[in-house]
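Q: Compute the structure for the input listed below.
(one chain, ligands or ions: 3)
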Amino acid sequence: MHYNIRMNDILRTEGLSKQFNSRTNPLYGKTFTVNALSDVSVTVAKGETLGVVGESGSGKSTLARLMIGLITPTAGRIYYKDTTVDAMLADHSRAYRKAVQMVFQDPAATLNPRFTIVNLLKEPLAIHNIAPEKERRDHAARVLARVDIGAEALDRYPHEFSGGQRQRIGIARALSVEPEVIILDEPVSALDISIQTQILNLLLRLKDDDNLTYVFISHDLSVIRFVSDRVLVLYLGKVMEYGTTADIFSDPRHPYTKLLLASTYSINGSRAVDIADDISIARNTTGCVFYPRCPRRVPECLHDIPRVDVSSTHASWCTQTNA
Ligand SMILES: Nc1ncnc2c1ncn2[C@@H]1O[C@H](COP(=O)(O)OP(=O)(O)OP(=O)(O)O)[C@@H](O)[C@H]1O
Ligand code: SF4
Ligand SMILES: [Mg+2]
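A: Numbering: from 1, shown residues only. Ligands and ions are numbered 1, 2, ... in the order given. The predicted structure follows:
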């Protein structure tokens, strides 16, 4: 099942699912299968930002890791332009590894503390054979300047920088190989609000300058609204609603999206996580995974939930979409 394939799509998933096995549920003491992602079909057009939002455990990072090729799907496919990512990864040119870069929430965990900044920035250049060795320091300085860090930083170590500056360095590292797509998994969640705004503005500027495509993951709806062209709302591994930013924020149809948007509700709260932990019930039954929490549930919600098209850009997986 796909949704709205468009001419300029650069990344596309078709029925993408990922199960993890052998996680022991401490409550029941036995292993079981987690449907971390179920039947996700989404397209990302060149130059656009797809926002992915959902509570902890909704499958956001699983989607990111599948898209980048760190893990393989249990079912479904990912296409980059017209080629499956499997085929691109099997070809030893590393073209996909260069084209699709990732920025993580915690740059401290991804920047090797024993490397100087120049070496951190030169590493991807060496891997992808970009610029002759003697020009790589200048290349690194130019990329660093693009994230507003001066060349004096080149010979320093990651721990000498603040969280915001380290995230700038993480972004520079992703940018240095001139990717087409950057997948950003909660890139500002660990930062103070004022720093978040600076980093978000920087990301938007870089995107415009390089005509980049972003998949931007966040549990924070205000961040998603600020950066996204289109939005995918996930809950327990399933798509609840999908639409343009205006569709999702001005005309939400799914009770889960409405719950997220309700100003009194924090999706970062423990309540959500506690309920999401009860995954053996919600994830592995037929019908709507939101049923246990839904204020609008009706008996038909316990059967398969078809996609309901609200418009050509907007879909919701809910029996009450138009009610
Ligand atoms: N390697 C793994 N082995 C077993 N289960 C996993 C694995 N990775 C993820 N999961 C499970 O898959 C589900 C989705 O996890 P995922 O990390 O994708 O969620 P998320 O939306 O990124 O959450 P968060 O907001 O906390 O980062 C969770 O129930 C998680 O425990
Ligand atoms: S399908 Fe039913 S249970 Fe699920 S969100 Fe819609 S109304 Fe609620
Ligand atoms: Mg995550």
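Q: Could you check how many residues crowd around the residue of the stretch 201-323 of the chain found nearest ligand 1?
A: Nearest residue of the stretch 201-323 of the chain to ligand 1: residue 219, at 5.3 Å (Cβ to the nearest ligand atom). (C-beta placed from N, C-alpha, C; glycine too.) By the measure other Cβ atoms under 10 Å, the count of residues near residue 219 is 20.
Q: Phi first, then psi, for it.
A: When read as degrees, to the nearest 10, the backbone of residue 219 gives phi -90, psi 0.
Q: Quick one, grab the pLDDT at it.
A: On pLDDT, residue 219 comes in at 92.
Q: just checking, it touches residue 185?
A: No. Here residue 219 does not reach residue 185: they are 10.8 Å apart, not a contact under Cβ atoms under 8 Å.
Q: does any bit of stretch 183-193 sit next to ligand 1?
A: No. Counting by Cβ under 6 Å from any ligand atom, ligand 1 has no neighbours in stretch 183-193; the shortest distance is 6.6 Å.
Q: just stretch 103-111 next, same as before
A: No. Figure legend: stretch 103-111 not in contact with ligand 1 (Cβ under 6 Å from any ligand atom); closest approach 8.0 Å.
Q: Endpoints of that stretch, how far apart?
A: One end of stretch 103-111 sits 11 Å from the other (Cα to Cα, to the nearest Å).
Q: which sections of the stretch 1-150 of the chain are below the confidence cut-off?
A: Applying pLDDT under 70 to the stretch 1-150 of the chain picks out residues 1-5, 22-30.
Q: Tell me where it has strands.
A: 9-25, 30-45, 49-53, 75-80, 83-84, 100-103 (DSSP state E, counting those that start in this stretch).
Q: if you compare those strands, which one is most tucked away?
A: strand 49-53 (a mean of 25; mean count of other Cβ atoms under 10 Å).
Q: centre of the chain versus that one, how much separation?
A: 7 Å (Cα atoms, centre = their mean, to the nearest Å).
Q: how big is the angle separating that strand from strand 30-45?
A: With axes from the mean of the first three to the mean of the last three Cα atoms, to 10 degrees defining the directions, strand 49-53 sits at 160 degrees from strand 30-45.
Q: got the contact list for strand 49-53?
A: Here strand 49-53 makes contact (Cβ atoms under 8 Å, 6 or more residues apart in numbering) with 42, 44, 60, 63-64, 207, 213-221, 224-225, 227-234, 245, 260.
Q: Now stretch 243-261: buried residues?
A: Neighbour-count burial for stretch 243-261 flags 243-245, 247-249, 252-257, 259-260 (criterion: 16 or more other Cβ atoms under 10 Å).
Q: Can you list which of the residues you listed are found in strands?
A: Taking DSSP state E, the ones among the buried residues of stretch 243-261 that sit in strands are 243-244.
Q: What is the nearest of the buried residues of stretch 243-261 to ligand 3?
A: residue 260 (16.1 Å; Cβ to the ion).
Q: That closest one contacts residue 221, correct?
A: Yes. Counting by Cβ under 8 Å, residue 221 is a contact partner of residue 260 at 6.0 Å.
Q: would you list every one of the helices in the stretch 151-300 of the chain?
A: 163-175, 193-210, 221-227, 245-250, 255-261, 270-277, 279-282 (DSSP state H, counting those that start in this stretch).
Q: how far does the second one sit from the chain's center?
A: In terms of Cα atoms, centre = their mean, the centre of helix 193-210 is found 16 Å from the chain centre.
Q: do the same with the third one
A: In this view, helix 221-227 has its centroid 13 Å away from the chain centroid, taken as Cα atoms, centre = their mean.
Q: Report whether that helix contacts ligand 1.
A: No. Helix 221-227 is not in contact with ligand 1 by Cβ under 6 Å from any ligand atom; minimum separation 12.8 Å.
Q: Show me what that helix packs onto, helices and strands only.
A: The contact analysis (3 or more Cβ pairs under 8 Å, 6 or more residues apart in numbering; DSSP states H and E) places helix 221-227 against strand 49-53, helix 193-210, strand 213-218, helix 245-250.
Q: what sits up against the longest one?
A: Which is helix 193-210. For helix 193-210, contacts defined as Cβ under 8 Å, 6+ apart pick out 47, 49, 146-148, 162-164, 167-168, 171, 175, 178, 184, 187-188, 191, 212, 214, 223, 226-227.
Q: List the beta-bridge partners for the residue in the stretch 201-323 of the chain that ligand 3 sits nearest to.
A: In the stretch 201-323 of the chain, the residue that lies nearest ligand 3 is residue 217 (6.8 Å; Cβ to the ion). Taking DSSP bridges as the rule, residue 217 bridges to residue 52, residue 185.
Q: What spatial separation is found between it and residue 65?
A: Distance from residue 217 to residue 65, counting by Cβ to Cβ, to the nearest Å: 11 Å.
Q: next one: residue 10
A: Separation of residue 10 from residue 65 (Cβ to Cβ): 18 Å.
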